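> Let me see the structure of the following:
(one chain, ligands or ions: 1)
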Amino acid sequence: MSAVTLSKSLQVALLQFHAGADKAANLKKVTEYITRALAHTPKPDLLVLPECFQSPYAVDQFKNYAEKIPDGETTQLLSQLAKKNRVAIIGGSIPEFDESDGGLYNTSVVFNPAGEVVAKHRKVHLFDISIPGGITFKESDSLKPGNKATVFEVPELETVFGLAICYDIRFPELAMIASRRGAGVMAYPGAFNTVTGPKFWTKFAVARAIDNQNYVLMCSPARNPAGGYQAYGHSMVVDPSGNVLVEAGHDEDIVYAELQRDVVEEARRNIPISVQRRFDIYDDVSKDPVVSAL
Ligand SMILES: NC(=O)CCC(=O)C(=O)O
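Numbers count the residues shown, from 1 in each chain. Sure, this is the predicted structure:
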């Protein structure tokens, strides 16, 4: 059985709220939601924020909300909130400006309970799709992609996490890498929409949970009828057997769950797929030619 690194019991909260055009108001809301989540009993050990929680989700807007990391005001605010409240935070995502290459990235920053940055994930797979009569979106019009899988430990939580952002969930490799490096939890801040959300959101959460036998955390913005892009909502926690433990609707909300190491270990003991893989058969899958209908 592959070793999993997960606290015996970990309390998590997913903060589902929406952002508007006013960045200061968005950051005020972050503080309010974090305060609310921490008033919950039992107190959460980990808070997860949604994708693009301080900006509208719009390719022509990202530059107006972009910040340097870790110097920017959003990173500084989350660091202070983590430290003051002794809580770990997966900071959804924000548009990041990288001075060294002049690029914009869709980036998630993670803080330990001392307020230190312990990980940073830049969305690897940009959301470029076009569904006739449905939705067209092209993140690559203004964003650059990240270039690495993100796996990190929060020692205070005795837990190893994998982290990816939204569209990244469609590519199972990132979650598998995390799981094989000991992650007991895969977190996805993500803003699916009213076209792809109902079709795919829950299926992907369940798929990534059962194909790696770990917990999956999906944290979405709430739907905002006054805004442009309509997020799907439905933040959820899925267990290693694919059971949805908690699920929000599409309005602003906070959902809570307890994650347990025993549950992961039992799932992996009962059905030991992680040690039954046949890498002798498919270890070169990444070298296979792309077969495309396009
Ligand atoms: N923000 C995103 O990456 C959206 C992904 C999405 O909606 C999908 O269907 O995938």
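
> Please, where are all the strands along this protein?
Here the chain has its strands, by DSSP state E, at 9-16, 46-48, 88-98, 103-111, 117-122, 128-130, 136-138, 150-154, 159-163, 185-189, 215-219, 236-238, 244-247, 253-260.

> relative to strand 159-163, how tilted is the last one?
Spelled out, that is strand 253-260. With axes from the mean of the first three to the mean of the last three CA atoms, to 10 degrees as the basis, strand 253-260 and strand 159-163 are set at 130 degrees to each other.

> Just the CA atoms of strand 253-260, as PDB, please.
Coordinates of each C-alpha in strand 253-260 appear next as PDB, following Å, rounded to 0.1, in the frame of the first residue of the first chain:
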ATOM      1  CA  ASP A 253     -22.100  29.700   1.500                       C
ATOM      2  CA  ILE A 254     -19.400  27.900   3.600                       C
ATOM      3  CA  VAL A 255     -19.300  24.100   3.700                       C
ATOM      4  CA  TYR A 256     -17.300  22.100   6.300                       C
ATOM      5  CA  ALA A 257     -16.000  18.500   6.400                       C
ATOM      6  CA  GLU A 258     -13.800  16.300   8.400                       C
ATOM      7  CA  LEU A 259     -11.100  14.400   6.600                       C
ATOM      8  CA  GLN A 260      -9.700  11.200   8.100                       C
END
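
> ok, and for that strand, which residues are buried?
253-257, 259-260 (16 or more other CB atoms under 10 Å). Every C-beta, even on glycine, is put in place using the N, C-alpha and C of the backbone.

> One more: the first one?
Neighbour-count burial for strand 9-16, with 16+ other CB under 10 Å as criterion, is recorded at 10-16.

> got it, and the fifth one?
By neighbour count with 16+ other CB under 10 Å, strand 117-122 contains the buried residues 117-122.

> check the residues you listed against the ligand, which are close?
Among the buried residues of strand 117-122, not one lies near the ligand by CB under 6 Å from any ligand atom.

> Now render those as a markdown table, adding pLDDT.
Formatted as a markdown table, these follow (pLDDT from 0 to 100):
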| residue | pLDDT |
| --- | --- |
| V117 | 98 |
| V118 | 98 |
| A119 | 98 |
| K120 | 98 |
| H121 | 98 |
| R122 | 98 |
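
> show me the contacts for L78.
Counting by CB atoms under 8 Å, 6 or more residues apart in numbering, L78 makes contact with 30, 89, 91, 109, 111.

> before we move on, what about M236?
By CB under 8 Å, 6+ apart, M236 lies in contact with 14, 202, 205, 218, 244-248, 255.

> ok, the residue nearest to it when sequence neighbours are not counted to R268 distance?
Distances taken as CB to CB, 6 or more residues apart in numbering put E247 closest to M236, at 4.3 Å, once the chain neighbours are dropped. The gap separating E247 from R268 is 24 Å, by CB to CB, to the nearest Å.
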